[in-house]
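Trainee: here is my input, please return the structure:
(one chain, ligands or ions: 9)
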Amino acid sequence: MRRLQFPRIVAAVIFTLVAGFLIFTEGAQSKTLATPSTGVSPQKPDNSACLSCHQREGITWPLPSGEVLPLTINPKGYDQSVHARLSCQVCHTNITGFPHPENTAKDRRDYTLQYQTTCNQCHPNQVKELADSVHTRLFQEGNRDAPICADCHNPHTQEVIEKTPDGLPAPSEHARIAQTCSTCHAAIYEEYLSSVHGSGIIENRNPDVPACTDCHGVHRITNPKTAAFRLSSPQLCAKCHTDETIMSKYGLSTQVLNTYVADFHGTTVVLFEKTDPDQETNKPVCYDCHGVHDIQRVDDPNKGIAIKENLLRTCQRCHPDASTNFPDSWLGHYIPSPDRHPLVYYVNLFYKIFIPTVLGGMAIFVASDIYYRVWGRKRRLRGKEASATPLPPREGGSAEANQPVESTPEAAPVQPADREDLAGDSLISSGEDVASQAEAGTDEVVSSDRTSDEE
Ligand code: HEC
Ligand code: HEC
Ligand code: HEC
Ligand code: HEC
Ligand code: HEC
Ligand code: HEC
Ligand code: HEC
Ligand code: HEC
Ligand code: HEC
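Mentor: Ligands and ions are numbered 1, 2, ... in the order given. As a prediction, this is how the structure comes out:
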């Protein structure tokens, strides 16, 4: 009895002191609690008491479900982990010595879930992000296999995570990330490892290819089955596939987004994304044609979609009646050139020249016609004025009236054929000729003007 009471008194005293201290420093505390420094001692704590038993190899604890909980903690691994400076009890708050308090976990999963909030005290940002994720939503809907922190991070062996300057996991983490996700998504992991993106990620650690988290996010993983995800997915692929520095290493085209957006499928998808991002679309996005986790090189003989039979199968998913020639109705990602789709190229080229020429010619024709008619009317008006005040006879006319005709003798003969010509240039010159003569007020022009008006 007395042996039990002494620790209680000590505990009560410590509690009072700590509580007083906490109240006293309340303002300062609320800030520091948000950083991972909480509970981290400057020196490595002495965990040897716990490790004296737990470093033994092969020790386990049987659970009611028949599963066993391995109890071995490798001291070296712990010492090299990011949590090396934490005492075991920071997380195992219920365990102070041996024997341990009774643990009520029925199975392995039950046991892990006891630690669902353990990390909250030091990593509030990740906790917040995870709370918004599809994994947490699934968990709240009753799927207890959806991951919590400890599923993806072993707290006893977690190493430092390398990051890019903007705080995202560095490419050197790709292999580790894929393996983390593989513990629960093994089938997708296998597909990914055999794809152009995942192959070699374990051995070569290619930094350019996407890891699971590049497409899905790290903690705030969104539901990839939503319309919004689907509509925005071309941008996801474009992030790398329009990057010249990455794609030039592999000799891949960076026109894949442009050409997709320009075609009948992509135009709608991009429009929906801008105007109504939750709208379902039946038009294909990149992964409807290329696949998701099993993307292959386009010239892969079995699955590559540059091979016509493979492509046809892709089209037939949505165009069930598509026949062998159907894919030819589509340009792919190619920008038409004399080598690729020459027919389309030359038709385009023809229209590029033909349409401006025709429209330009029409414009010039109309303009000169208006010019010509306006002058014609002016002259006719003058003609009327002239008949009201009779013109002096031509021979004895004033020098002023006759002057322009004399000064531009070559303009005098007007060819009606000029005006009938549809070519713009000759129309302009004939128009000018007509104008200069109209100013001169010659009778020839008046008569020829009338004839053309009557036509
Ligand atoms: C004398 C050996 C011994 C010591 C010392 C010891 N443990 Fe254990 N530990 C065990 C055994 C045996 C089990 C199996 C379950 C049981 O018997 O309670 C276990 C189980 C555990 C478990 C898993 C079950 C549970 O209750 O969560 C944790 C966690 C644990 N120990 C942590 C610690 C920590 C932390 C310390 C140091 C404060 C520690 N142990 C000290 C022997 C020991
Ligand atoms: C950062 C928090 C944290 C620290 C520090 C920590 N643990 Fe754990 N420990 C956990 C979590 C979380 C689990 C549950 C993991 C699971 O179920 O997979 C766990 C589980 C265990 C288990 C059960 C078996 C297992 O591996 O799942 C033992 C034994 C254990 N810890 C011992 C220790 C010992 C000994 C130390 C100190 C050397 C320690 N832990 C330090 C968080 C921690
Ligand atoms: C008592 C505080 C504390 C607790 C509790 C704690 N951690 Fe940590 N954690 C730290 C510190 C300190 C670091 C190292 C500093 C840093 O890099 O952020 C760290 C680092 C990490 C890292 C690596 C971060 C990086 O950028 O390299 C991960 C992952 C991590 N912790 C996961 C967990 C998980 C999972 C839990 C819960 C099981 C947990 N931590 C509980 C303090 C804590
Ligand atoms: C679905 C798996 C998953 C879950 C659940 C998860 N993480 Fe992570 N976490 C990752 C991955 C993947 C990375 C990126 C780098 C790596 O592991 O190599 C990461 C990175 C981190 C980092 C480094 C800094 C950062 O934000 O990138 C910390 C700290 C961390 N996690 C803590 C946590 C904590 C705390 C929880 C629980 C609230 C948690 N994680 C839940 C997978 C997970
Ligand atoms: C502890 C197990 C576990 C781990 C680890 C895990 N997941 Fe999951 N994840 C699940 C479960 C369970 C579901 C529910 C659907 C299912 O069974 O596929 C799920 C669903 C998903 C979904 C789809 C959600 C939906 O609505 O269908 C995505 C995306 C996903 N996980 C990505 C990841 C990524 C990326 C990683 C690695 C960073 C990862 N998961 C790690 C268990 C896990
Ligand atoms: C190049 C981008 C990309 C990469 C890399 C990627 N995913 Fe996905 N993932 C997607 C897309 C896009 C979807 C949506 C597919 C759909 O709606 O059919 C998806 C769907 C999912 C789903 C839910 C649907 C399903 O098929 O069950 C899970 C789970 C998932 N991915 C996990 C992973 C894991 C684990 C990895 C890494 C091994 C990974 N993904 C790598 C793009 C990617
Ligand atoms: C993180 C950057 C990144 C993202 C995101 C990405 N890719 Fe890639 N992709 C690459 C790299 C790098 C290669 C070249 C890999 C190689 O050849 O080893 C590649 C190769 C390909 C190839 C094979 C081309 C060939 O014939 O060699 C296709 C097809 C492809 N990606 C489609 C997609 C699609 C579809 C998406 C979106 C769902 C996507 N990619 C997202 C980086 C990315
Ligand atoms: C995910 C489904 C899907 C896939 C895969 C798909 N298409 Fe389409 N495609 C559509 C939809 C939806 C339309 C619009 C039909 C409409 O408006 O009547 C369309 C329209 C077209 C049109 C315009 C003429 C028309 O029928 O309206 C052509 C040409 C076409 N697709 C060719 C292809 C080719 C070639 C492939 C294979 C490389 C392909 N499509 C793959 C869904 C798809
Ligand atoms: C309607 C089906 C379809 C859609 C949608 C589609 N592609 Fe393609 N993609 C193809 C075909 C077929 C090829 C091979 C022939 C070619 O290059 O046109 C190809 C080739 C590629 C290549 C290889 C280019 C090279 O230089 O060899 C990449 C990378 C690629 N696509 C990425 C994408 C991306 C990213 C998107 C979305 C923005 C996308 N694709 C949308 C069918 C499609």
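
Trainee: which non-adjacent residue is nearest Ile202?
Mentor: Nearest-residue entry for Ile202: Ala175, 5.1 Å, with adjacent residues in sequence omitted and distances by C-beta to C-beta, 6 or more residues apart in numbering. The way it works is simple: take the backbone N, C-alpha and C, and place the C-beta from them, glycine included.

Trainee: who's in contact with the one you found?
Mentor: When contacts are counted by C-beta atoms under 8 Å, 6 or more residues apart in numbering, Ala175 touches 201-202, 205.

Trainee: and it, what element?
Mentor: Assigned by DSSP states H and E, Ala175 belongs to helix 174-182.

Trainee: close to ligand 7, is that helix?
Mentor: No: using C-beta under 6 Å from any ligand atom, helix 174-182 stays clear of ligand 7, with a minimum separation of 9.3 Å.

Trainee: just the closest residue of the stretch 301-450 of the chain to ligand 6, please.
Mentor: For the stretch 301-450 of the chain and ligand 6, the shortest gap (C-beta to the nearest ligand atom) falls at Arg317, measuring 12.3 Å.

Trainee: for that residue, give its distance to Asp300.
Mentor: Computed with C-beta to C-beta, to the nearest Å, the distance linking Arg317 and Asp300 is 19 Å.

Trainee: which one's more surrounded, those two?
Mentor: Using other C-beta atoms under 10 Å as the criterion, Arg317 and Asp300 rank with Asp300 on top: 14 against 11.

Trainee: residues touching the more buried one, list them.
Mentor: Asp300 makes contacts with Ile307, as judged by C-beta under 8 Å, 6+ apart.

Trainee: which SS state does it fall under?
Mentor: When the structure is reduced to helix, strand and coil (DSSP: H, G, I helix; E, B strand; the rest coil), Asp300 reads as coil.

Trainee: tell me, what's the model's pLDDT at it?
Mentor: At Asp300 the predicted local confidence, pLDDT, stands at 91.

Trainee: same check, this time on Ile23
Mentor: Reported pLDDT at Ile23 in the predicted model: 36.

Trainee: check the burial of the closest residue to His83 other than its chain neighbours by counting its neighbours.
Mentor: Of all residues not flanking His83 in the chain, Pro155 sits nearest, at 6.0 Å (C-beta to C-beta, 6+ apart). Pro155 has 17 neighbouring residues, counting by other C-beta under 10 Å.

Trainee: so where's this protein uncertain?
Mentor: Scanning the chain with the threshold set as pLDDT under 70 gives 1-39, 41, 335-338, 340-348, 383-455.

Trainee: longest helix in it, please.
Mentor: If you go by DSSP state H, the chain has its longest helix at helix 342-388.

Trainee: returning to what we had before: for my notes, confirm the residue nearest to His83 occurs in a helix.
Mentor: No: Pro155 is assigned coil when assessed by three-state DSSP, not a helix.

Trainee: any idea how far it is from His54?
Mentor: In this structure, Pro155 and His54 are separated by 14 Å, where distance is defined by C-beta to C-beta.

Trainee: same question, Ala228
Mentor: The separation that Ala228 has from His54, given C-beta to C-beta, amounts to 47 Å.

Trainee: residues of the stretch 201-350 of the chain that sit close to ligand 8?
Mentor: If contacts are counted using C-beta under 6 Å from any ligand atom, the residues of the stretch 201-350 of the chain sitting beside ligand 8 are 264-265, 282-284, 288-289, 311, 314-315, 317-319, 326-327, 329-330.

Trainee: which members of those are positioned in helices?
Mentor: In helices, defined here by DSSP H, the members of those are 264-265, 288-289, 311, 314-315.

Trainee: just the buried ones from the residues you listed, in ChimeraX syntax?
Mentor: With 16 or more other C-beta atoms under 10 Å as the burial test, the buried ones among these are selected in ChimeraX as follows:
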select :265,288,289,311,314,315
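
Trainee: from the ones in helices among the residues of the stretch 201-350 of the chain next to ligand 8, which is closest to Asp107?
Mentor: Asp288 (40.4 Å; C-beta to C-beta).

Trainee: and that closest one, what is it in contact with?
Mentor: By C-beta under 8 Å, 6+ apart, the contact list for Asp288 reads 314, 317-318.

Trainee: do Val270 as well
Mentor: Val270 touches 234, 261, counting by C-beta under 8 Å, 6+ apart.

Trainee: okay then, goodbye and thanks.
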